[in-house]
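Undergrad: 3D model of this:
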Amino acid sequence: PQAAPGWKVKALSSLGIALIDGAGGIFTYDGKKVVAIKGGERTKIGKYPTSYDLPAIKRTLVKTPSGLNALNGNELVDIPAEFAKSLLTVSDWPEAERAVVFSADTASIIDSKLEVLETLDIKGIGFDSSISDGTNYQTGDLIFTGKHGTYLIVDTKRNGRGACIPNGK
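TA: Okay, the predicted model is just below:
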(Lines give C-alpha, C1' and ligand atoms only; values in the text may rest on other atoms or scores of the structure.)
Protein backbone atom coordinates (compact mmCIF):
# COMPACT_ATOMS: atom_id res chain seq x y z
CA PRO A 1 0.00 0.00 0.00
CA GLN A 2 0.99 3.59 -0.51
CA ALA A 3 1.52 5.85 2.45
CA ALA A 4 -0.77 8.82 2.93
CA PRO A 5 0.61 12.26 1.99
CA GLY A 6 2.96 13.58 4.67
CA TRP A 7 3.79 10.16 6.01
CA LYS A 8 7.34 8.83 5.94
CA VAL A 9 8.09 5.17 5.35
CA LYS A 10 11.48 3.64 6.16
CA ALA A 11 12.54 0.05 5.48
CA LEU A 12 14.10 -1.55 8.57
CA SER A 13 16.43 -4.28 7.33
CA SER A 14 17.30 -5.09 10.95
CA LEU A 15 13.73 -6.28 11.60
CA GLY A 16 12.46 -7.10 8.09
CA ILE A 17 9.60 -4.60 8.32
CA ALA A 18 8.82 -1.00 7.42
CA LEU A 19 8.43 1.82 9.92
CA ILE A 20 5.72 4.35 9.11
CA ASP A 21 5.88 7.79 10.73
CA GLY A 22 2.38 9.21 10.31
CA ALA A 23 0.10 11.87 11.70
CA GLY A 24 -0.91 9.81 14.74
CA GLY A 25 2.52 8.39 15.54
CA ILE A 26 4.61 5.45 14.37
CA PHE A 27 3.44 2.15 12.96
CA THR A 28 5.03 -0.99 11.54
CA TYR A 29 4.13 -2.72 8.30
CA ASP A 30 5.16 -6.34 7.76
CA GLY A 31 3.83 -6.70 4.21
CA LYS A 32 0.40 -7.78 5.40
CA LYS A 33 -0.82 -5.35 8.04
CA VAL A 34 -0.13 -1.98 9.60
CA VAL A 35 0.18 -2.04 13.39
CA ALA A 36 0.25 0.94 15.74
CA ILE A 37 3.29 0.97 18.03
CA LYS A 38 2.46 1.09 21.73
CA GLY A 39 4.24 4.14 23.14
CA GLY A 40 4.63 5.50 19.61
CA GLU A 41 1.78 8.00 19.81
CA ARG A 42 2.65 11.47 18.51
CA THR A 43 2.03 12.98 21.97
CA LYS A 44 4.80 10.72 23.37
CA ILE A 45 7.35 10.77 20.55
CA GLY A 46 7.09 14.42 19.50
CA LYS A 47 6.96 15.87 15.99
CA TYR A 48 10.29 14.63 14.71
CA PRO A 49 11.42 11.26 16.07
CA THR A 50 14.59 9.87 14.52
CA SER A 51 14.87 6.15 13.87
CA TYR A 52 18.14 4.24 13.56
CA ASP A 53 18.09 0.93 11.71
CA LEU A 54 20.95 -1.14 13.16
CA PRO A 55 21.27 -4.46 11.28
CA ALA A 56 24.58 -5.26 13.02
CA ILE A 57 22.73 -5.72 16.33
CA LYS A 58 19.32 -6.56 14.81
CA ARG A 59 17.70 -3.58 16.52
CA THR A 60 15.92 -0.35 15.71
CA LEU A 61 16.32 2.59 18.06
CA VAL A 62 14.12 5.68 18.10
CA LYS A 63 15.23 9.06 19.47
CA THR A 64 12.40 11.12 20.96
CA PRO A 65 12.36 14.23 23.18
CA SER A 66 12.24 11.93 26.23
CA GLY A 67 15.34 9.97 25.21
CA LEU A 68 16.36 6.86 23.33
CA ASN A 69 13.90 3.98 22.88
CA ALA A 70 14.08 0.54 21.31
CA LEU A 71 11.43 -0.90 19.02
CA ASN A 72 10.59 -4.21 20.67
CA GLY A 73 7.89 -6.05 18.74
CA ASN A 74 5.00 -3.61 18.53
CA GLU A 75 6.14 -1.45 21.45
CA LEU A 76 8.67 1.30 22.13
CA VAL A 77 10.59 0.60 25.31
CA ASP A 78 12.90 2.96 27.17
CA ILE A 79 16.60 2.28 27.05
CA PRO A 80 18.40 2.75 30.37
CA ALA A 81 19.31 6.39 31.03
CA GLU A 82 23.05 5.75 30.85
CA PHE A 83 23.03 7.45 27.44
CA ALA A 84 23.51 11.17 27.63
CA LYS A 85 20.53 13.40 26.85
CA SER A 86 22.87 15.13 24.40
CA LEU A 87 22.53 12.17 22.00
CA LEU A 88 23.62 13.22 18.53
CA THR A 89 23.40 10.06 16.44
CA VAL A 90 23.67 6.28 16.44
CA SER A 91 25.89 4.40 13.98
CA ASP A 92 25.65 0.82 12.86
CA TRP A 93 29.02 -0.98 13.04
CA PRO A 94 28.51 -4.18 11.03
CA GLU A 95 32.11 -5.42 11.03
CA ALA A 96 32.18 -5.45 14.84
CA GLU A 97 28.54 -6.61 15.22
CA ARG A 98 27.98 -3.54 17.40
CA ALA A 99 26.44 -0.07 17.26
CA VAL A 100 27.82 3.19 18.61
CA VAL A 101 25.74 5.82 20.40
CA PHE A 102 27.37 9.25 19.97
CA SER A 103 26.81 12.21 22.26
CA ALA A 104 28.80 15.45 22.30
CA ASP A 105 31.32 14.00 24.78
CA THR A 106 31.11 10.19 24.56
CA ALA A 107 30.81 7.29 22.17
CA SER A 108 29.15 4.26 23.77
CA ILE A 109 29.61 0.90 22.08
CA ILE A 110 26.51 -1.30 22.50
CA ASP A 111 25.60 -4.88 21.69
CA SER A 112 22.36 -6.59 20.66
CA LYS A 113 21.19 -6.67 24.30
CA LEU A 114 21.60 -2.86 24.29
CA GLU A 115 24.26 -3.20 26.94
CA VAL A 116 27.14 -0.73 26.95
CA LEU A 117 30.37 -2.62 26.35
CA GLU A 118 32.64 0.42 26.48
CA THR A 119 32.30 4.20 26.67
CA LEU A 120 34.93 6.32 24.96
CA ASP A 121 35.70 9.93 25.85
CA ILE A 122 35.43 12.04 22.68
CA LYS A 123 35.54 15.49 24.27
CA GLY A 124 37.32 17.99 22.10
CA ILE A 125 36.69 16.10 18.86
CA GLY A 126 33.82 18.36 17.91
CA PHE A 127 31.64 15.56 16.57
CA ASP A 128 28.16 16.53 15.43
CA SER A 129 25.33 14.55 13.89
CA SER A 130 25.62 16.24 10.51
CA ILE A 131 29.00 14.61 9.89
CA SER A 132 28.67 11.13 8.43
CA ASP A 133 30.52 8.03 9.49
CA GLY A 134 31.61 4.86 7.72
CA THR A 135 33.81 1.83 8.12
CA ASN A 136 37.10 0.62 6.76
CA TYR A 137 35.98 -2.71 5.33
CA GLN A 138 39.51 -4.17 5.45
CA THR A 139 40.14 -3.45 9.13
CA GLY A 140 36.57 -3.17 10.40
CA ASP A 141 37.32 0.15 12.11
CA LEU A 142 34.56 2.76 12.41
CA ILE A 143 35.59 6.07 10.84
CA PHE A 144 34.01 9.36 11.84
CA THR A 145 34.85 12.98 11.33
CA GLY A 146 34.92 15.76 13.87
CA LYS A 147 35.61 19.45 13.45
CA HIS A 148 39.30 18.82 14.20
CA GLY A 149 40.03 15.78 12.04
CA THR A 150 39.12 12.21 11.14
CA TYR A 151 39.05 9.53 13.86
CA LEU A 152 38.79 5.76 14.20
CA ILE A 153 37.13 3.50 16.70
CA VAL A 154 39.31 0.42 16.38
CA ASP A 155 37.85 -3.06 16.55
CA THR A 156 40.42 -4.49 18.98
CA LYS A 157 38.82 -7.94 18.85
CA ARG A 158 39.64 -8.08 15.14
CA ASN A 159 42.88 -6.04 15.08
CA GLY A 160 44.36 -6.43 18.58
CA ARG A 161 44.74 -3.88 21.37
CA GLY A 162 47.95 -2.41 19.92
CA ALA A 163 46.43 -1.70 16.51
CA CYS A 164 46.24 2.05 16.85
CA ILE A 165 48.90 3.13 19.30
CA PRO A 166 50.89 6.13 17.99
CA ASN A 167 54.58 5.38 17.35
CA GLY A 168 54.17 1.84 18.71
CA LYS A 169 54.13 3.07 22.34
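Undergrad: check the gap between Gly16 and Gly31 for me.
TA: Distance of Gly16 to Gly31, computed by Cβ to Cβ, to the nearest Å: 9 Å. Placement of C-beta: from N, CA and C, glycine included.
Undergrad: higher neighbour count, these two?
TA: Counted by other Cβ atoms under 10 Å, Gly16 and Gly31 do not tie: Gly16 has more neighbours, with 10 against 7.
Undergrad: just give the nearest non-adjacent residue to the more buried one, would you?
TA: Nearest in space to Gly16, with sequence neighbours left out and distances taken as Cβ to Cβ, 6 or more residues apart in numbering, is Asp30 at 7.6 Å.
Undergrad: repeat that for Asp121.
TA: Thr106 is the one closest to Asp121 (Cβ to Cβ, 6+ apart), at 6.4 Å.
Undergrad: roughly how far apart are the one you found and Ser91?
TA: From Thr106 to Ser91 the distance is 13 Å (Cβ to Cβ).
Undergrad: report how many residues lie close to Ser51.
TA: Look at Ser51: counted by other Cβ under 10 Å, it has 18 neighbours.
Undergrad: neighbours around Asn136, how many?
TA: If you count neighbours by other Cβ under 10 Å, Asn136 ends up with 13.
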